[in-house]
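> Got a predicted structure plus its sequence, pasted below:
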Amino acid sequence: MGRTIWKEIIKAGKVADNIGTSFTSSITKRIGNGTSISFWHDIWVGSECLKSTFHRLFMLESRKDVTVAERILNVNSTSIGNWDWSRPPSGRAIDELTELNNLLISVNISDRPDSWKFSLDASGIYTTSTMSNLINKLKYDTNSRNLSLPKNKYVPQKIYIFSWRVIQQKIPVRSELDKKGIDLHTILCPLCEHHFETIEHALVNCQKITSIWTQLLDWWNQNNIRISNINEAIISDQGFTHNPIGSSIWQATKWIACYIIWKHRNLKIFSGKIWNPAAIISEIQSQSFSWISNRSRKKTPIEWHQWLLNPSFYASPNRMGIG
């Protein structure tokens, strides 16, 4: 096999890794007698492997390579679990066990051998043409995802990376940590303690955060718009739709705001710092001034007092340029 072909195989593998389970979930095991199917690692019931769906139970499993036939008993034509835990399930693991037992009721163990199913083809049979089309689609989707957030010259690289991680749902808020099987004492927001802490809640919708966005909009004289979701905080150019320069400066300010809000959230959790909206707004104003002014054209310097009074003054195409 030539070097070029191997390069394509490696590239396809990397694409599949980037997409995650969307590639592997297309090839699933069709349950028969269950002797050749891994109970936890193979996809044989549902849309993903059981170790991902029931990660707390998987951590308690004493034999992680056990087969389906070894973990399921047929009692009076009903499938039930034949468990062997390293310690008895407790807390949320008990809820997972209840859900798993309900899922297993629908499983039918038979005498026929296990088989494979390729869900991307109507026949259920793997073909090279179907796989070729899948790889091309994955390559397109991956490129589209990587290009989903344009560069912004007015912010440092760390702000861009943080903003990209936000839209990729890669910020370690409590709900995301919980999905990865990390046991926390609570997944409620550490600021309001009333709602689950999702990324959108932590950066936009928490009642402790909405006042900051309101003050930010007032500062920019953008009272006709709202920041109510991640798209409006990170991607949307609302307010400067027909002004590319103003859009870039406004977007940079919003990215910096998200970054500083997240920073102060972490300071409250890990350092016990008091949540102070006035201090957060002040830091957003000073940091955005520092980063944006240092990256603007030297012929059009930003004055601190004017920036503090009305930053949208500098969003005019006649005031700043991109270069």
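The structure has been received and is ready for your questions.
> All the helices of the stretch 51-200 of the chain, residue numbers only.
With DSSP state H, counting those that start in this stretch as the criterion, the stretch 51-200 of the chain has helices at 55-60, 68-71, 92-104, 128-146, 157-167, 174-179, 199-200.
> between these, which gets the lowest average pLDDT?
Lowest mean pLDDT within the helices of the stretch 51-200 of the chain: helix 128-146, at a mean of 54.
> Does Ser89 touch Asp95 like I think?
Rather than Ser, residue 89 is Pro. No. Counting by CB atoms under 8 Å, Pro89 stays clear of Asp95, with 9.1 Å between them. Every C-beta, even on glycine, is put in place using the N, C-alpha and C of the backbone.
> more neighbours, the two?
Set side by side, Pro89 and Asp95 show more neighbours around Pro89, with 17 against 12, by other CB atoms under 10 Å.
> what's the pLDDT at that one?
Looking at Pro89, its pLDDT stands at 90.
> give the contact list for it.
By CB atoms under 8 Å, 6 or more residues apart in numbering, the residues touching Pro89 are 56-57, 60, 96-97.
> for Lys179, same thing?
Contacts of Lys179 by CB under 8 Å, 6+ apart: none found.
> Report the separation between it and Arg92.
12 Å (CB to CB, to the nearest Å).
> repeat for Glu193
19 Å.
> Between those two, which is the more surrounded one?
Using other CB under 10 Å as the criterion, Glu193 and Arg92 rank with Arg92 on top: 14 against 10.
> so that one makes contact with Arg56?
Yes. Between Arg92 and Arg56 there is a contact at 6.1 Å, judged by CB under 8 Å.
> Give the residues shared as contacts by those two.
With contacts defined as CB under 8 Å, 6+ apart, the residues shared by Arg92 and Arg56 are Asp183.
> ok, the closest residue to Ser86 other than its chain neighbours - contacts?
When the adjacent residues along the chain are set aside, Ser86 lies closest to Ser62, with 4.8 Å between them (CB to CB, 6 or more residues apart in numbering). By CB under 8 Å, 6+ apart, Ser62 lies in contact with 84-86.
> swap the cut-off to 10 Å and go again
Ser62 makes contact with 83-87, according to CB atoms under 10 Å, 6 or more residues apart in numbering.
> Tell me the buried residues within these.
Trp83 (16 or more other CB atoms under 10 Å).
> Do you have the helices of the stretch 201-323 of the chain handy? List them.
207-219, 230, 244-271, 277-294, 304-309.
> on contacts alone, who are the packing partners of the shortest one?
Contacts defined by 3 or more CB pairs under 10 Å, 6 or more residues apart in numbering; DSSP states H and E place helix 230 against helix 157-167.
> How about residues contacting the helix it packs on?
145-146, 148-153, 155-156, 170-172, 199-200, 202-203, 230-231, 233-235, 251-252, 254-256, 258-260, 262-263, 287-288, 291.
> which residue lies farthest from the center of the chain?
Asn76 (43.1 Å; CA atoms, centre = their mean).
> tell me the contacts of the residue lying closest to Cys258 once chain neighbours are set aside?
Closest residue to Cys258 apart from its sequence neighbours, by CB to CB, 6+ apart: Leu203 at 5.1 Å. Neighbouring residues of Leu203 by CB under 10 Å, 6+ apart: 166, 171, 173, 209, 213, 227, 229-230, 233-234, 257-259, 261-262, 265.
> ok, 8 Å please
Per CB under 8 Å, 6+ apart, neighbours of Leu203: 166, 171, 209, 230, 233, 258, 261-262.
> Repeat that for Lys273.
Here Lys273 is in contact with 264, 267 (CB under 8 Å, 6+ apart).
> Likewise for Ile281?
Per CB under 8 Å, 6+ apart, neighbours of Ile281: 212, 215-216, 219.
> quick one, domains of this structure?
27-118, 148-315 (automatic domain parsing).
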